[in-house]
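Trainee: Mind looking at a prediction? Sequence and model below.
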Amino acid sequence: MLKLRNVHKTFDIGSINEKAALCGIDLQLAEGDFVTVIGSNGAGKSTMLNAIAGVWPVDEGSISINGTDVTALPEYKRAQYIGRVFQNPMTGTAASMGIEENLALALRRGDRRTLRWYITKTEREHYYTELKKLGLGLEDRLTDKVGLLSGGQRQALTLLMATLKKPKLLLLDEHAAALDPATATTVLDLTNNIVLENKLTALMVTHNMTEAIRHGNRLLMMNAGKIILDISGEEKKRLRITDLLERFKELSGVQMETDSVLLS
Amino acid sequence: MELIAYFLSLKPLNLLSALPGNIVQGIIWGIMALGVFITFRLLNFADLTVDGTFAAGGAVTVVLILAGIPAPIALAIATIVGLLGGLVTGFLHTILGIPDILAGILTQISFWSINLLVLDGANRAVNVDKYHLIVSLRNISSSIVTMLVFAAVLVSILYWYFGTEQGSAIRATGNNPQMVKAQGINIDFMKVLALGLSNCLVAFSGGLMSQFQGFADIKMGQGAIVIGLAAVIIGEVIGDALIGKYMNFYIKLVFVVLGGVIYYFVIGLVMWLRMPTDLLKLFTASVVAIFLAIPYLKAKTNNSFVFANKGGAQKNA
Amino acid sequence: MKNMKRIILILMSIALVLLSLTACGKSPEVSDTTPSGPEQPEAQSYNIGICQLVQHEALDAATKGFRDALTDKLGDKVKFDEQNANGEPDISATICNQFVSSGVDLIMANATPALQAAQTSTNKIPILGTSVTDYGTALDIDDWTGKTGKNISGTSDLAPLDQQAAMLHEIFPDAHKVGIIYCSAEPNSKYQDKVITEHLTDMGYSVKSYTFSDSNDLQTVAKAAISENDVIYLPTDNTIASNAEIIKNIALPAKVPIIAGEEGICSASGGVATLSISYYDLGYTTGEMAYEILVNGKDPATMEIRYAPKFTKKYNPDICDTFGITLPDEYEAL
């Protein structure tokens, strides 16, 4: 489904801020893989997601989705394959537009924007049913401006938008990190349901080890721009936090900042 | 005594009789303001191209009419020139990476030269006695009807367009470009499209203005952006005061046009009061400042502690 | 109800600004206006609308001359509504609309766009223009004969270009190359350039024009013109008038003399001499024409466009000393 081959990315080449963010990433995802990604700050988790989404071109290596080489495609063209939810709840939605308007934009992800009217009656009914599934009461506020919603509501909406038109790949970039713990749990459970129900292939970056273990069928650990651990199947199911911390120390040679990992 | 004499010398009827002319001029600027609304409010792009495209619209229209081309066709060609101007700004911004304000200024000053070439000088008259013009200061009553029809049609077209998939993509681009990219929309394309459309309206309005006043002048676009913005803001504030939460996109567009009308009515009022005309710009600035301040002060009142004390808190809760 | 309150609030704030501005500059018009209410019969009184394009020394002088002429002749019987478009051409249309709708007896349009707007606004009310150079072009009239054939007449500020050329020849008979600098965004400069180029070429000079489209480009253009020519001619041009200092700072060190089309430009640009018209006199003449129309019932359609009544040759003593030029006695010092 997703294939990364020897992907490299260095930022600010030639300046004092030069930083090698990705140093040879090789990764292959099968259809239906729900992969969680952990690692300390600056390990390259978000950078890897951005490389896949095409926020900027990579320096070296290739990326293909569903057999199509997308390495040279700009962000907006890759969007036809990819649904995304961002860390900042402001990023994923248009605040001054209504809930249904946002959904209408998302329903046409990757399509050419024509001169047809942007919301039809059947579509509106479709949005109503889908929003109802979120259980947040948003279905009765179809025309409300998204700016009026709370962070959690916005992330749930973004999640729905990212999956309204089934993506080949769903990228979740610490999308619950900015929410309070209770809301974060709700959003993550919602994520889990949507991914499993639609049999989506998903990459979910998280700071939270418990969540990384609880969700998904595969876990990646990153450090210094590399994938240092890749656990799946039965082994993943048996995984515990203490194992992860130990493996991290063993593989990277440093202590993981347990505070931020455990408490976030 | 002098003050009483001054008030006695004012003739209320004159204010009223000047109104139709002010309305025509106001609607013409209101159409220009629709263009500014698209870039400034929908696309969130401070486009200064308009000073150039407004004058270009006037220049091209007049020169073509003088060359014997019927006014409607001349106006259509002028509109296309406006489109090209918007596209140039769009390309400068998206392809060459020039910041929005600067890109607009570059196109604007290029138009200064282009307009001089088009006009073959600084000023060309189009004599209403010799040509059949769409609107003219000479025939105000028919001009008013024409302008009302134009405004209604344009507002309807814009309402429809911004409700299409493409139009809503433009609105979203102005709102949150990052989200728009994630939805597979080419934001560069949307920006160029919106700038083109906006400057179409601006040049169209310039073409009408030159016919209305009977000449095109190289300086006619100077400060157009300010009048356009003033009209947008005045329209929004008054619309908000009158309609409040029942405001929808159609009515919003109508109020943008009305903003232009109110602007010209106020100018007419200043003249009628025979205030020293040197103060005209100060006055204009004051009016725009008031309208800009109203939404802010209103928000402040609603959130103030004093207000909360008076029971506003329960209402807001 | 709440909406009504808001509207009233908005209207009141507008009214407040209006009042405060009125109070701080109680219009000079008031003092000229006899305190007669609208109820008084207006049989022998004349209402005149004055539409001036922009605040500018020359245009101000013309307006003053116009008012003085009519006040001299009619005293209290004439009332002026003087409006200024503040340099925005389309405001002159707003002003003329106001005049026509309030039924003034005559419109005086000061500068080209003002005259064009006035022409568009009415074909009945008499219009007099001033500070307009070429009426045929300004009004889009074919076969210009010196009369408009309609409700418009006025005065032209066309400097006597043939006499200016002759003056240049009188002072610099041995020069070869003359450069003309003007702003292409000024309505009247191109025409002056064309006419004086013809005159100078006939006299055997080689003439080249240097145009700039806005004041930012003036310095570069002026440098080129001054380095390539023996004498510089500056026409009556508003942009030059506002930026004459720039030309002075280039021309003086280069020791290239300047002949100017107008007094203000001559002194500001460090010009040697000028043969200029007085805009006050021009306005005064326009006022006399207004009197003929209003009181004597003359038809503007048959009135020839009039020109400045007299020209004066003036020189700049300091500059002449610098260049070592001595001029005949008929020249007055600036």
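Mentor: That came through, no problem.

Trainee: mind listing the helices for the chain?
Mentor: Since you didn't name a chain, this refers to chain A. With DSSP state H, the ranges of helices along chain A come out as A:45-53, A:75-78, A:99-107, A:121-134, A:151-164, A:181-197, A:209-214, A:233-238, A:241-252, A:258-263.

Trainee: Actually, chain C is the one I wanted.
Mentor: According to DSSP H, the helices that chain C contains are C:2-24, C:28-32, C:57-74, C:89-101, C:112-121, C:135-138, C:161-171, C:189-202, C:218-228, C:238-242, C:244-254, C:263-268, C:279-294, C:317-323.

Trainee: what does the fifth one contact?
Mentor: If you take CB atoms under 8 Å, 6 or more residues apart in numbering or on different chains as the criterion, helix C:112-121 is touched by B:123, B:125, B:127-128, B:136-138, B:212-215, B:217, C:51-53, C:85, C:89, C:92-93, C:95-97, C:99-100, C:107, C:109, C:127, C:129, C:131-133, C:138-139, C:152, C:154, C:187-188. Placement of C-beta: from N, CA and C, glycine included.

Trainee: That helix to helix C:89-101, inter-axis angle?
Mentor: For helix C:112-121 against helix C:89-101, the angle by axes from the mean of the first three to the mean of the last three CA atoms, to 10 degrees is 40 degrees.

Trainee: Centre-most residue in the chain?
Mentor: Here I'm looking at chain A. A:Leu172 (1.3 Å; CA atoms, centre = their mean).

Trainee: Chain B was what I was after
Mentor: Central residue check for chain B by CA atoms, centre = their mean: the C-alpha nearest the mean position is that of B:Ala33, 1.8 Å away.

Trainee: Could you find the closest non-adjacent residue to that residue?
Mentor: Sequence neighbours aside, B:Ala231 is the residue nearest to B:Ala33 in space, at 3.6 Å (criterion: CB to CB, 6 or more residues apart in numbering or on different chains).

Trainee: what does stretch A:142-154 contact?
Mentor: Contact with stretch A:142-154 is made by A:89-90, A:92-100, A:102, A:124, A:127-128, A:131, A:136, A:138, A:157, A:178-180, A:183-184, A:186-187, as judged by CB under 8 Å, 6+ apart.

Trainee: Please spell out the PyMOL selection for the buried subset of these.
Mentor: Typed into PyMOL, the line below selects the buried ones among those, using 16 or more other CB atoms under 10 Å in any protein chain shown:
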select buried, chain A and resi 89+90+92+93+94+95+96+97+98+99+100+102+127+131+136+138+157+178+179+183+184+186+187
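
Trainee: what about the strands in the stretch 51-200 of chain B?
Mentor: Taking DSSP state E, counting those that start in this stretch to define them, one finds strands in the stretch 51-200 of chain B at B:123-125.

Trainee: which bits of it sit near chain A?
Mentor: Contact residues (CB under 8 Å from any CB of the partner chain) of the stretch 51-200 of chain B with chain A: B:161, B:163-169, B:171-172, B:175-176, B:178-187.

Trainee: on that earlier part again, just checking, the residue nearest to the centre of chain A touches A:Ala202?
Mentor: Yes. Counting by CB atoms under 8 Å, A:Leu172 does reach A:Ala202; the two are 6.4 Å apart.

Trainee: neighbours of B:Tyr246, just the number please.
Mentor: Neighbours of B:Tyr246 under the rule other CB atoms under 10 Å in any protein chain shown: 7.

Trainee: burial count for the residue in the stretch 151-264 of chain A positioned nearest to chain C?
Mentor: As assessed by CB to the nearest CB, chain C sits closest to A:Gln153 within the stretch 151-264 of chain A, at 30.3 Å. Applying other CB under 10 Å, we find 21 residues neighbouring A:Gln153.

Trainee: circling back: my reading is that the residue nearest to the centre of chain B is in a helix; is that accurate?
Mentor: Yes. Counting by DSSP: H, G, I helix; E, B strand; the rest coil, B:Ala33 is found in a helix.

Trainee: How about the contacts made by the residue of chain A found nearest chain B?
Mentor: Using CB to the nearest CB, the single residue of chain A nearest to chain B is A:Ala79, 3.4 Å away. When contacts are counted by CB under 8 Å, 6+ apart, A:Ala79 touches A:Arg109, A:Gly110, B:Lys181, B:Ala182, B:Gln183, B:Gly184, B:Ile185.

Trainee: For it, give me the pLDDT.
Mentor: What the model reports for A:Ala79 is a pLDDT of 96.

Trainee: Please determine how far it is located from chain C.
Mentor: Distance, A:Ala79 to chain C, using CB to the nearest CB, to the nearest Å: 44 Å.

Trainee: lowest average confidence, helix or strand, in the chain?
Mentor: No chain specified, so I'll use chain A. Least confident element among the helices and strands of chain A, by mean pLDDT, DSSP states H and E: helix A:258-263 (a mean of 48).

Trainee: not quite, I wanted chain B
Mentor: When the helices and strands of chain B are scored by mean pLDDT, DSSP H and E, helix B:313-316 comes last with a mean of 44.

Trainee: count of residues packed around the closest residue to chain A within the stretch 201-334 of chain C?
Mentor: For the stretch 201-334 of chain C, the residue closest to chain A is C:Asn216, as judged by CB to the nearest CB, at 36.1 Å. C:Asn216 has 10 neighbours, counted by other CB under 10 Å.

Trainee: what bridges to the residue nearest to the centre of chain A?
Mentor: A:Leu172 has these beta-bridge partners by DSSP bridges: A:Val85, A:Met204.

Trainee: measure the residue nearest to B:Ala33 to chain C for me?
Mentor: Taking CB to the nearest CB, one finds B:Ala231 at 14 Å from chain C.

Trainee: packing partners for the helix or strand containing that residue?
Mentor: If you go by DSSP states H and E, B:Ala231 is part of helix B:224-243. Counting by 3 or more CB pairs under 8 Å, 6 or more residues apart in numbering or on different chains; DSSP states H and E, the packing neighbours recorded for helix B:224-243 are helix B:12-37, helix B:50-66, helix B:187-213, helix B:249-272, helix B:280-303, helix C:2-24.

Trainee: try it again with 6 Å
Mentor: Helix B:224-243 is packed against helix B:12-37, helix B:50-66, helix B:249-272, helix B:280-303, with contacts defined by 3 or more CB pairs under 6 Å, 6 or more residues apart in numbering or on different chains; DSSP states H and E.

Trainee: Let me know which of those is the nearest to B:Leu154.
Mentor: Nearest to B:Leu154 among those is helix B:12-37 (6.1 Å), distances taken as CB to CB.

Trainee: distance between the closest one and the chain's centre?
Mentor: Chain-centre distance of helix B:12-37: 11 Å, with CA atoms, centre = their mean, to the nearest Å.

Trainee: could you check the angle helix B:50-66 makes with that helix?
Mentor: Using the same axes, to 10 degrees: helix B:12-37 against helix B:50-66 is 110 degrees.

Trainee: This completes my enquiry, with thanks.
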